[in-house]
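Trainee: Model the following, please.
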Amino acid sequence: MRLFLDHYQRTIVGNYAGALAQASAAFAATDPARMADHTGCCLDGPGRLSVPCLGHVFEVEHPGAKVRFAGTALEPNVSLLIVILNHLARADGVPVEGRLIPYRDLPGGGVFWGAFARYAIAPLADHFGTRAARLLEAARPLGGEPMETRADFSVRLPFFPRLPLVVQVSAADDELPGTANILFDASAPHYVHTEDAAAVGSYASHLLVAVERGADPAGLADHGVV
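Mentor: Model prediction:
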């Protein structure tokens, strides 16, 4: 799937250099077969993992920590690159629980809650609040499936094979604006750091908005999406 490859723009590493070096070192020190087993990703050959992510597939080389869109020489935005490496090194393979929790209930999530609400949840509420039913169609190319919750419309998105998100939107009416939320499985801390989970939510949110708009997504590089 080529949702964003035609508009690819690599983000300069800049202030992420330290985090990238740390993530790369942890990834290089972890056995590839263990990472594949614990994440549900595929080990395609010696030192090469295939990581599905919201309709894209990333190829990751071990121990070099090179991450590319499958079949291309393009790397993802540095924040997503770090999330992928950290996820592979951190995952311990515990089962997905099926119990949903908000971001602020992740370990230390209260510290990052304001930023998460601003960059991940608010764009969903602003965009889908007046077109809530379109959430279901926007989620389809990202691997999303509708599900029943108390919200008007909800989808389950497999960000990684064992890191599902649930995105909820309730429509605006004459008295109240539209609302949105992003929920994580209670097992999420076994698969991503809480700070990385914020990037996960932002990435999913902006992809959903871009897909529904059907517009040029080049500007999403500013949000760490491509």
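
Trainee: Could you count how many residues lie near P107?
Mentor: Residues near P107, counting by other C-beta atoms under 10 Å, number 11. Placement of C-beta: from N, CA and C, glycine included.

Trainee: For A197, see how far away it is.
Mentor: According to C-beta to C-beta, to the nearest Å, P107 and A197 sit 10 Å apart.

Trainee: Now stretch 63-83: buried residues?
Mentor: Using 16 or more other C-beta atoms under 10 Å as the test for burial, stretch 63-83 gives 65, 67-69, 75-83.

Trainee: avg pLDDT for it?
Mentor: Averaged over stretch 63-83, pLDDT sits at 90.

Trainee: What of stretch 41-60?
Mentor: 93.

Trainee: center of the chain, which residue is that?
Mentor: With distances taken as C-alpha atoms, centre = their mean, V200 lies nearest the centre of the chain, 3.3 Å away.

Trainee: Okay, the residue nearest to V57 when sequence neighbours are not counted and N181: tell me how far apart.
Mentor: Leaving out its chain neighbours, the residue that sits closest to V57 by C-beta to C-beta, 6 or more residues apart in numbering is A70, at 4.1 Å. A70 is 31 Å from N181, where distance means C-beta to C-beta.

Trainee: Strands along the protein, start to end?
Mentor: Secondary structure of the chain (DSSP state E): strands located at 42-45, 48-53, 56-61, 66-69, 100-102, 145-146, 153-160, 163-170, 179-185.

Trainee: TSV please, covering those and showing distance to L207.
Mentor: Formatted as TSV, these follow (distance: least, C-beta to C-beta, whole Å):
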stretch	distance to L207
strand 42-45	22
strand 48-53	10
strand 56-61	9
strand 66-69	14
strand 100-102	20
strand 145-146	16
strand 153-160	9
strand 163-170	10
strand 179-185	12
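
Trainee: looking at those strands, which is closest to R118?
Mentor: Nearest of the strands of the chain to R118, taken as C-beta to C-beta: strand 179-185 at 12.3 Å.

Trainee: on that earlier part again, right, and the strands of the chain - which one's nearest A210?
Mentor: Here strand 56-61 is closest among the strands of the chain (C-beta to C-beta), at 13.0 Å.

Trainee: Would you mark the buried spots in the closest one?
Mentor: 56, 58-60.

Trainee: so what's the closest residue to F184 other than its chain neighbours up against?
Mentor: Nearest non-adjacent residue to F184, counting by C-beta to C-beta, 6+ apart: I101, 5.8 Å away. Each residue near I101 by C-beta atoms under 8 Å, 6 or more residues apart in numbering is listed here: 183-186, 188.
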